[in-house]
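Trainee: prediction below, plus the sequence it came from.
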Amino acid sequence: MVLLKLYKNLKCFGFIAALIFVPGLLSFFGDETLWIRVAFYSALFFIAFRLLLPKFADYTATLFCVFCMIYFLRYQSAIAPDFGGRLEIGIIAAASISAISYYLRLLAPDGSAAAFLLGAVVFGLGGWGWAIPLILFFILSSLLSKIAEKRRPQFGLIFEKSSRRDKWQVAANGGLAGIVVIINFFYPSVHFYPAYLGILAAVTADTWSTEIGVLFKKRPRLITNFRQVPHGTSGGVTLPGICGGILGALLIGTIGYFSGPAHLHPYLHPLIITAAGMIGNFIDSLIGARFQVQYRCLICGKVTEKMRHCQNSETEFVSGIPWMNNDHVNLFCAMSGGIAAYLFSCII
């Protein structure tokens, strides 16, 4: 089955490459290498879209990418000569990291495709200064999730998602960061890079708080009333988890300070980014406690984030908003961290 899917994707790769390259050779643009590159990169995007989008929508999205690639590599590169090379390196780097992450089982197939698209945007349009904090968040958070899952496997029965991230987790944690990069590319502002770091600091703090908190035996307390709750309860906080969140946010802030553009340093004090990240982490815990959907298994009686539990049996609704799952909570976390960092940078 895997070989069949690979064969089909390779056929699609060849089809889209030929579809773009052959007309390019017959055109009067004169730059044949441009069309070779556009064909290759568009084929990569096509494979990613096939894993993410419904049938026929992938063709539309790929066609859009073809026009974007032509615009960026031909016309935008004429304005900024070094941009084309940076974009191409970014796409190749994103594809390589996504493929390796899938091989190491850090990402699900659709998660790998989503990470490739996100990485291509951040690498290509932002450059290494924007990409390094994202890479750091992904690698360290994925490793921490793997360690926590191995040390405390019982929490896999409570949490909705595993340590192998899917497309929705990638979108919830990094989608807003990618949008900020795109906006900054077309409408540059000194406030967008701090907002970008605030998003990453918030989702890093959230991930590290959760994964470090479950490693300790002491039961967490619910953030709304400080009542002790079982491990894995949405909105539960622990002192080790809070310290881990601060450490994660501070790491993103510090790396962002040194990897970001020098003229932005007045807006990038690591403590400011750390504060923004912890605000996002606090909002995440608050929304998780108040609004995240919770179910109860009809067989074992445990409260869980999963709609199906023991032996894939159905669960009963307990509390929260039915559509407010962990991915939506993470999205609010990222948004809160980004807005906080943006406002802090405006005040300074």
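Mentor: Ah, there it is. Numbers count the residues shown, from 1 in each chain.
Trainee: quick one: contacts for the residue nearest the centre of the chain?
Mentor: By Cα atoms, centre = their mean, the chain has its centre lying nearest to residue 174, at 2.9 Å. Residue 174 is in contact with 115, 118, 134, 200, 203, counting by Cβ atoms under 8 Å, 6 or more residues apart in numbering. No exception for glycine: its C-beta is placed from N, CA and C like everyone else's.
Trainee: so which residues of the stretch 101-250 of the chain form helices?
Mentor: Along the stretch 101-250 of the chain, the segments classed as helices by DSSP state H, counting those that start in this stretch run 109-121, 128-151, 167-186, 192-213, 239-259.
Trainee: quick one: low-confidence ranges for the stretch 51-200 of the chain?
Mentor: 56, 75-81, 152-163 (pLDDT under 70).
Trainee: tell me the one of the contacts of residue 174 nearest residue 151?
Mentor: The shortest approach to residue 151 among those belongs to residue 203, at 21.7 Å (Cβ to Cβ).
Trainee: and that closest one, how many neighbours?
Mentor: 31 (other Cβ atoms under 10 Å).
Trainee: thinking again about what came up before, any idea how far the residue nearest to the centre of the chain lies from residue 331?
Mentor: Separation of residue 174 from residue 331 (Cβ to Cβ, to the nearest Å): 11 Å.
Trainee: mind listing what residue 164 touches?
Mentor: 105-108, 111.
Trainee: again, only this time at 7 Å
Mentor: By Cβ atoms under 7 Å, 6 or more residues apart in numbering, residue 164 lies in contact with 105-108.
Trainee: most neighbours, which of the residues you listed?
Mentor: residue 107 (27 neighbours).
Trainee: just checking, that one touches residue 115?
Mentor: Yes: here residue 107 reaches residue 115: they are 5.8 Å apart, a contact under Cβ atoms under 7 Å.
Trainee: between those two, which contacts overlap?
Mentor: Joint contacts of residue 107 and residue 115 (Cβ under 7 Å, 6+ apart) are 98, 101.
Trainee: was I right to think residue 204 contacts residue 139?
Mentor: No: using Cβ under 7 Å, residue 204 is not in contact with residue 139; the gap is 11.2 Å.
Trainee: compare those two (neighbour count), which wins?
Mentor: Counted by other Cβ under 10 Å, residue 204 and residue 139 do not tie: residue 204 has more neighbours, with 32 against 13.
Trainee: skipping its backbone neighbours, what lies nearest that one in space?
Mentor: Distances taken as Cβ to Cβ, 6 or more residues apart in numbering place residue 248 nearest to residue 204, at 4.0 Å, with adjacent residues excluded.
Trainee: with residue 176 instead?
Mentor: Nearest non-adjacent residue to residue 176, counting by Cβ to Cβ, 6+ apart: residue 334, 4.9 Å away.
Trainee: same check, this time on residue 290
Mentor: Closest to residue 290 by Cβ to Cβ, 6+ apart is residue 224, at 6.7 Å.
Trainee: hmm, back to that, any idea how far the residue nearest to the centre of the chain lies from residue 137?
Mentor: With Cβ to Cβ as the criterion, residue 174 and residue 137 are 8 Å apart.
Trainee: what does residue 265 give?
Mentor: Separation of residue 265 from residue 137 (Cβ to Cβ): 21 Å.
Trainee: between these two, tell me which one has more neighbours.
Mentor: Relative neighbour count places residue 137 above the other of residue 265 and residue 137, with 24 against 11, counting by other Cβ under 10 Å.
Trainee: go ahead and confirm the more buried one touches residue 199.
Mentor: No: between residue 137 and residue 199 there is no contact under Cβ under 7 Å: 9.7 Å.
Trainee: for the residue nearest to residue 290, grab phi and psi.
Mentor: The phi and psi values for residue 224, taken as degrees, to the nearest 10, are phi -80, psi -30.
Trainee: please list all residues in contact with it.
Mentor: Neighbouring residues of residue 224 by Cβ under 7 Å, 6+ apart: 235, 289-290.
Trainee: PyMOL command for the buried members of those?
Mentor: This is how PyMOL selects the buried members of the contacts of residue 224, with burial counted by 16 or more other Cβ atoms under 10 Å:
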select buried, resi 235+289
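Trainee: adding pLDDT and distance to residue 241, write the contacts of residue 224 out as CSV.
Mentor: As requested, the contacts of residue 224 are exported to CSV (pLDDT from 0 to 100; distance: Cβ to Cβ, whole Å):
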residue, pLDDT, distance to residue 241
235, 82, 12
289, 85, 14
290, 89, 18
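Trainee: between the contacts of residue 224, which is closest to residue 96?
Mentor: Nearest member of the contacts of residue 224 to residue 96, counting by Cβ to Cβ, is residue 235, at 37.9 Å.
Trainee: in what helix or strand does the nearest residue to the closest one once chain neighbours are set aside lie?
Mentor: Distances taken as Cβ to Cβ, 6+ apart place residue 289 nearest to residue 235, at 2.3 Å, with adjacent residues excluded. In this assignment (DSSP states H and E), residue 289 forms part of helix 270-290.
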